[in-house]
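J.: After the sequence you'll find the predicted model.
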Amino acid sequence: MNTTSAPVEVVPAGAPDRLQSAAARRLQRRSRAVWVSCALVVIIVVAAALATELVLSALGRPALLVAPDAVRSALTEGGTTGTIVAAAAALFGIVCLWGALAPGRTHRRALAAGRVPLVVDDAIVAGALSRAAGTAAAVTNSHVSTQLDARRARISLTPATGFPVDREQVERAADRLLTELGAAPRLTARVEVTPEGRLS
């Protein structure tokens, strides 16, 4: 993954307070608004359908979908229909609970830069690592790609033909940049050099 984003400048600063740290953590987590919206839509639709069927039953008119008495008997007396409805409701509840409680994360991470935590996309960090690795290996950015997972930065480097690359030197440069950035959670660089070079 090659990027051309502007380099990240690190400004020394003191430790952020609890409010700032909490705000940074919140920016790194995915929004649960989608799960809440889906649950509310389903609840509203079911409630509206039940209310409509109750009104039609009170007026002595035929049901649109299923009569309230049929729903009540299916749920209380069991049987195949009641089991299917109960299983579907339980599955929906489990999915919504997972969506509300799962610690989902976005492709962002907090950097200890400036007087407040700086939350940036992984692409920015990957671009900075690619530039640092390319500089250490004396190759252009087109020879370097970086991918980030939760705690590791995988840097793939293709050397220029006829110019060997010191992998350990590149790894030290990447680790030095990661230490300066202070990414949370902490990242460890792993450099992979392809055995065959190519022309710049």
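T.: Good, I have the coordinates.
J.: what separates the longest helix seen in the chain from the chain centre, distance-wise?
T.: Ranked by residue count and defined by DSSP state H, the top helix of the chain is helix 33-58. On the basis of CA atoms, centre = their mean, to the nearest Å, helix 33-58 sits 31 Å off its chain's mean C-alpha point.
J.: What is the end-to-end distance of stretch 112-123?
T.: One end of stretch 112-123 to the other measures 17 Å (CA to CA, to the nearest Å).
J.: Same check on stretch 61-80?
T.: End to end - CA to CA - stretch 61-80 spans 27 Å.
J.: ok, now how distant is the residue lying farthest from the centre of the chain from residue 70?
T.: Here the centre of the chain is the reference, and by CA atoms, centre = their mean the most remote residue is residue 60, at 52.0 Å. The gap separating residue 60 from residue 70 is 16 Å, by CB to CB, to the nearest Å. For the C-beta atoms, the positions are set from N, CA and C on the backbone; glycine is no exception.
J.: Please apply the same query to residue 154.
T.: From residue 154 to residue 70 the distance is 58 Å (CB to CB).
J.: Mind listing what's buried along stretch 190-197?
T.: 191, 193, 197 (16 or more other CB atoms under 10 Å).
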